[in-house]
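In: This is the structure alone, sequence omitted:
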């Protein structure tokens, strides 16, 4: 019997494990792939306090080792189901575990364009996070692909850092907040390319150009140093949908104390409804969720 089972070994989940370990709780962290989550794909982290320049892999390794040193048990098994009850159960592809509380920290994955070499060029001109990586392209030419609010805000953010931003949208209008659309159109260094898709990445070791094809099949090559892909994210909550309340996009609905609709089940990180998904907010969620889980256990 565990006090807390944490599903996911990204920054949110491992931070939760650190807080739970410091409270002398028996903790199990379950992770399907490898520890660290999406942050391991970031070459350099410059927006996290205290330690600028650390790599994503180094950050993930340090937080993983810290959680283990504080007593967290970490197993690499895929969680396929959770069950409410007393005790609660977490079912993996190998075993069923019993626990007093659960923290869901499964994160979300960037929706990809599914172009050749897209994964290979991650961190070498391909990015899914403008606020994470934009500063690396100061005074350079970049592109953003997408038509939602995230893509528009990414373009605005990058326009204050880079020389030029190409905003590539598959439709002829933006169906999002009009004031943000107006701000994008007012920017002299943002060029909007409507009715078009990115169809090819041209690179050697790093991205050099993108091929853009419009709805009439006209093809244009644009020289850019980076392409920021903002075509949505996929939260990793599918296995909990029958029990936990999700919004229309599949994110877990919670309050600011990371409580879900089920007593004793909490959520932390990028898989919950929130305004900002960054490393610092993920670790913050982990601390809050663990603190609430500890309080729940102690009050029982």
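Out: Cool, the structure landed. All values derive from a computational prediction rather than experimental measurement. Residues are numbered from 1 along each chain as shown.

In: Please count neighbours and contacts with C-alpha atoms only from this point.
Out: Noted.

In: Show me the shaky parts of this protein.
Out: Within the chain, no stretch falls below the threshold (pLDDT under 70).

In: Would you mind finding the longest helix in it?
Out: Longest helix in the chain by number of residues (criterion: DSSP state H): helix 279-299.

In: got a list of contacts for it?
Out: For helix 279-299, the external contacting residues (Cα atoms under 8 Å, 6 or more residues apart in numbering) are 3-4, 11-17, 19-20, 23, 25, 39, 48, 100-103, 105, 257-259, 264-270.

In: does residue 57 sit in a helix, a strand or a coil?
Out: Recorded secondary structure, residue 57: helix (DSSP: H, G, I helix; E, B strand; the rest coil).

In: Now do it against residue 286, distance only.
Out: Remark: distance between residue 57 and residue 286 (Cα to Cα, to the nearest Å) = 19 Å.

In: When the two are compared, which one has more neighbours?
Out: Using other Cα atoms under 10 Å, the more surrounded residue of residue 57 and residue 286 is residue 286, with 31 against 18.

In: Against which helices or strands is the strand or helix carrying residue 3 packed?
Out: Residue 3 belongs to strand 2-7 when elements are defined using DSSP states H and E. Helices and strands touching strand 2-7, by 3 or more Cα pairs under 8 Å, 6 or more residues apart in numbering; DSSP states H and E, are helix 11-22, strand 27-30, strand 96-104.

In: between it and helix 11-22, how big is the angle?
Out: For strand 2-7 against helix 11-22, the angle by axes from the mean of the first three to the mean of the last three Cα atoms, to 10 degrees is 170 degrees.

In: Of the helices and strands packed on strand 2-7, give the one that comes closest to residue 89.
Out: For the helices and strands packed on strand 2-7, the distance to residue 89 is smallest for strand 96-104, at 4.6 Å, taking Cα to Cα.

In: Could you tell me which of the contacts of helix 279-299 count as buried?
Out: Among the contacts of helix 279-299, those classed as buried by 16 or more other Cα atoms under 10 Å are 3-4, 11-17, 19-20, 25, 39, 100-103, 105, 257-259, 264-270.

In: mind listing the strands for the stretch 201-300 of the chain?
Out: 207-214, 219-223, 226-229, 233-235, 265-267 (DSSP state E, counting those that start in this stretch).

In: Now render the ones you listed as JSON lines, adding distance to residue 131.
Out: Below are those laid out as JSON lines (distance: least, Cα to Cα, whole Å):
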{"stretch": "strand 207-214", "distance to residue 131": "19"}
{"stretch": "strand 219-223", "distance to residue 131": "22"}
{"stretch": "strand 226-229", "distance to residue 131": "10"}
{"stretch": "strand 233-235", "distance to residue 131": "15"}
{"stretch": "strand 265-267", "distance to residue 131": "24"}
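
In: now, of these, which is deepest in the fold?
Out: Mean neighbour count, computed with mean count of other Cα atoms under 10 Å, is highest for strand 265-267 among the strands of the stretch 201-300 of the chain, reaching a mean of 28.

In: How far does that one sit from its chain's centre?
Out: 17 Å (Cα atoms, centre = their mean, to the nearest Å).

In: try stretch 278-288
Out: 12 Å.

In: buried sites along the longest helix of the chain?
Out: 279, 281-294.

In: quick check: angle from it to helix 11-22?
Out: 40 degrees.

In: Taking strand 96-104 as reference, get the angle to helix 279-299.
Out: 130 degrees.

In: can you count the residues close to the closest residue in space to residue 163 that isn't next to it in sequence?
Out: Counting by Cα to Cα, 6 or more residues apart in numbering, residue 139 is the residue found nearest to residue 163 once chain neighbours are left out, at 4.4 Å. Using other Cα under 10 Å, residue 139 is surrounded by 14 other residues.

In: Alright, calling it a day.
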